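Asker: Below is the sequence, then the predicted model.
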Amino acid sequence: MDAPTNLFDVVRLRADRSPGNDPRVMQALKLGLDRQAIYQLVMAGFGRIGRDSPIGPMYAAYYSEETPLPIRDVEAAKKLLAEAGYPNGLKIDLHTPDTGDRPELAVVLKNQWADIGVDVNVMVEPESVYYGDNGWLEVDLGITGWGSRPYPQFYLDVMLKCNAKWNESHFCDEEFDQLATTAGTTLDEAERVAAYKAIQKLLIERGPIIVPYFYTQLAAIRSTFQGFVLKSFSGRSDLRPVSFVE
Amino acid sequence: MSFEADVRRPGGSVDGQPPSTPTQPTIQIAGWTRVGIFVRALCSKPASALGFVIFVLFLVLAIFGPFIAPYGVNEQIASEAGQPPSARHWFGTDNLGRDVFSRIVLGAREILSLAGFGTVIAVFFGTTLGLAVGYIGGWFDEILMRIFDGLLAMPLLLLALLLLGTLGPSKNSVLLVIIIVYTPIVSRVVRSVVLSVRQRGFIEAARLRGESLPYILFREILPSVLPALAVEAALRFSYAIFLVASLGFLGVGVQPPSPDWGLMVREARNNVNQMPWAMYYPAAAIAVIVIGVNLLADGIKRVLLETK
């Protein structure tokens, strides 16, 4: 059995300096991806395809699929890169911790981006190196794993607002900050849902992050038991209602 | 390998006789004939012959790999991920849909060239330093040997990890690590041989003739060192392959998506229950080449002793 989680890997490009300070570069990178292939290869078909925002399907009403994701278009991506000043492509280091499926994701990204002329140099590092001395907040292109939280506001406040503590992509957008503040402070549930949906649209259009997938929580239980409900946080699954089948 | 021709140089001082000088007339045997004689002697024992065949086989893979491999090194076929060995994929595919056989074939060049270049450079530095400290002796010998002792006191893999942690993982770092780790070992072997020949008459004669230091080191002493050096170089080469693969496996050596065999074992480790072939074949490749080169080193040693 499986339960959806909001555990995901973020591929993020620093937005405050070259090459990421030109939004066309990130758009080109997004256009260079075949999301279905990434999902099949790295997740083996488990979990959910991500939509470049930390607000995943686990958050039910807050989650939206209204804005379409960029569909792979190699020529359009190359054109965008050329317009951004990289007619002969781009060479960039991709830093990733050596845990989970991140090295595999890095290899798949390298392959797909090679088609749009982006030459990725994969640097797999132990977590102690990746996070040590806050190097993960410094690098241009990196893959960071973000844990599953009970509510989505955390990611916006900590990862994406201007001057947020773990704003690894150094993203700063006035409209985004306003929407995130509204979502975090309003008492009107409808207003909050609207703000979260607007944020997801904004992030797909000009956000600094790619969220390729959400992990799933997997578990197995013998058919001689009944009443087990798997929670997103596996350690919090309640075993009290579990009983033997007579 | 180029050293076997020199070892058997007519008039060489392997037996302690004065070596030939350029003015002396010598009987020249064509280079290829000498290589042929050496290989025939090598292959007279089945174990050495096997080692030689394995080495040549992997050498062929390293040189002609791109013509042999049926798929690209990072060609990912999503629909064929995780397939067991079949006629279409001889060694199966890994979890990212890459053909394991192609990656092993194409990885041969990387591992052999890294280990090979590393060994050649380490042997060059080790020989030069070993000759110099052995012949000059004194304080120079004391200081350098104590530094090397310090380096050798550390477990080899630990020293390699320390260096890679400082240099950052890359192909060049791995090359540098092989050189730094093996130069002291080679130089100790060379030095010990030099110590045994430096008091011989022909060295004294060269000194009395007023020959320069490099001449004495490389023309007079080096030929005596060559047999020991040839065996040492072959052994170092097999250990270097092992070191490159170990560092790849530990994830501090060459970086993905390189088809380094050690790295392939590391990457396939997570899925070993579902697709064991992705792990076993590269592991087997490492084992076979290391055993092969070791057998070859033994063979070289045997032939050189017989010649002597």
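Answerer: Perfect, I can see it now.

Asker: show me where pLDDT drops low in chain B?
Answerer: B:1-30, B:308 (pLDDT under 70).

Asker: SS state for residue A:51?
Answerer: At residue A:51 the chain is in coil, as set by DSSP: H, G, I helix; E, B strand; the rest coil.

Asker: where's it relative to residue A:59, distance?
Answerer: Using C-beta to C-beta, to the nearest Å, residue A:51 is found at 12 Å from residue A:59. Quick note: C-beta positions are derived from backbone N, CA and C, even for glycine.

Asker: who has more neighbours, the two?
Answerer: residue A:51 (24 against 17; other C-beta atoms under 10 Å in any protein chain shown).

Asker: Share the number of residues neighbouring residue B:206, please.
Answerer: Around residue B:206 there are 19 residues (other C-beta under 10 Å).

Asker: Need the three-state assignment for it.
Answerer: Put simply, residue B:206 is helix when judged by three-state DSSP.

Asker: show me what contacts it?
Answerer: B:215-216, B:220 (C-beta atoms under 8 Å, 6 or more residues apart in numbering or on different chains).

Asker: Which of those fall in helices?
Answerer: Among the contacts of residue B:206, the members found in helices (DSSP state H) are residue B:215.

Asker: Which residue does chain A have closest to chain B?
Answerer: residue A:107 (4.3 Å; C-beta to the nearest C-beta).

Asker: Report the spatially nearest residue to that residue, omitting neighbours in sequence.
Answerer: residue B:257 (4.3 Å; C-beta to C-beta, 6 or more residues apart in numbering or on different chains).

Asker: separation between the one you found and residue B:304?
Answerer: In terms of C-beta to C-beta, residue B:257 sits 42 Å off from residue B:304.

Asker: if I pick the residue nearest in space to the middle of chain A, what's in contact with it?
Answerer: Central residue of chain A (C-alpha atoms, centre = their mean): residue A:211, 2.3 Å from the mean position. For residue A:211, the contacting residues are A:8-11, A:50-54, A:56, by C-beta under 8 Å, 6+ apart.

Asker: Buried only: go through the contacts of residue B:206 for me.
Answerer: B:216, B:220 (16 or more other C-beta atoms under 10 Å in any protein chain shown).

Asker: can the contacts of residue B:206 go into a markdown table with extra columns for distance to residue B:186?
Answerer: Listed next are those as a markdown table, based on distance: C-beta to C-beta, whole Å:
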| residue | distance to residue B:186 |
| --- | --- |
| B:215 | 22 |
| B:216 | 20 |
| B:220 | 20 |
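
Asker: re the thing from before, just the pLDDT for the closest residue in space to the residue nearest to the centre of chain A that isn't next to it in sequence.
Answerer: Distance criterion C-beta to C-beta, 6+ apart; nearest residue to residue A:211, sequence neighbours excluded, is residue A:50 at 3.5 Å. Looking at residue A:50, its pLDDT reads 93.

Asker: hang on, the earlier thing: between which two of the contacts of residue A:211 is the distance greatest?
Answerer: The most widely separated members of the contacts of residue A:211, counting by C-beta to C-beta, are A:11 and A:56 (15.3 Å).

Asker: residue ranges for the helices of the stretch 51-200 of chain B, please.
Answerer: Taking DSSP state H, counting those that start in this stretch, the helices of the stretch 51-200 of chain B run over residues B:100-136, B:138-153, B:156-167, B:171-197.

Asker: could you point out the longest helix in chain A?
Answerer: Counting residues, the longest helix found in chain A (DSSP H) is helix A:189-206.

Asker: Next to chain B, which bits of chain A? Give me the list.
Answerer: Within chain A, the positions lying close to chain B (C-beta under 8 Å from any C-beta of the partner chain) are A:37, A:40-42, A:44, A:98, A:103-104, A:106-108, A:110-111, A:121-126.

Asker: go with 6 Å
Answerer: A:37, A:40-41, A:98, A:103, A:107, A:111, A:122, A:124 (C-beta under 6 Å from any C-beta of the partner chain).

Asker: what distance separates stretch B:206-216 from the middle of the whole chain?
Answerer: 32 Å (C-alpha atoms, centre = their mean, to the nearest Å).

Asker: for stretch A:181-192, that is, sorry about that
Answerer: Worked out by C-alpha atoms, centre = their mean, stretch A:181-192 lies 23 Å from the chain centre.

Asker: what's the first-to-last distance across that stretch?
Answerer: 10 Å (C-alpha to C-alpha, to the nearest Å).

Asker: Quick check: mean pLDDT of it?
Answerer: Mean predicted confidence for stretch A:181-192 is 94.

Asker: Name the residues of that stretch that come out as buried.
Answerer: A:182-184, A:192.

Asker: Name the residues that touch it?
Answerer: A:153, A:195-196 (C-beta atoms under 6 Å, 6 or more residues apart in numbering or on different chains).

Asker: can we see that at 7 Å?
Answerer: With C-beta atoms under 7 Å, 6 or more residues apart in numbering or on different chains as the test, stretch A:181-192 has contacts from A:153, A:156-157, A:195-196, A:199.

Asker: Throw the residues you listed into TSV and include pLDDT and neighbour count, thanks.
Answerer: Below are the contacts of stretch A:181-192 laid out as TSV (pLDDT from 0 to 100; neighbours: other C-beta atoms under 10 Å in any protein chain shown):
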residue	pLDDT	neighbour count
A:153	93	18
A:156	93	24
A:157	93	17
A:195	95	22
A:196	95	24
A:199	95	26
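
Asker: which ones are touching the closest residue in space to residue B:165 that isn't next to it in sequence?
Answerer: Of all residues not flanking residue B:165 in the chain, residue B:252 sits nearest, at 7.2 Å (C-beta to C-beta, 6+ apart). Residues in contact with residue B:252 (C-beta under 7 Å, 6+ apart) are B:161, B:164, B:169.
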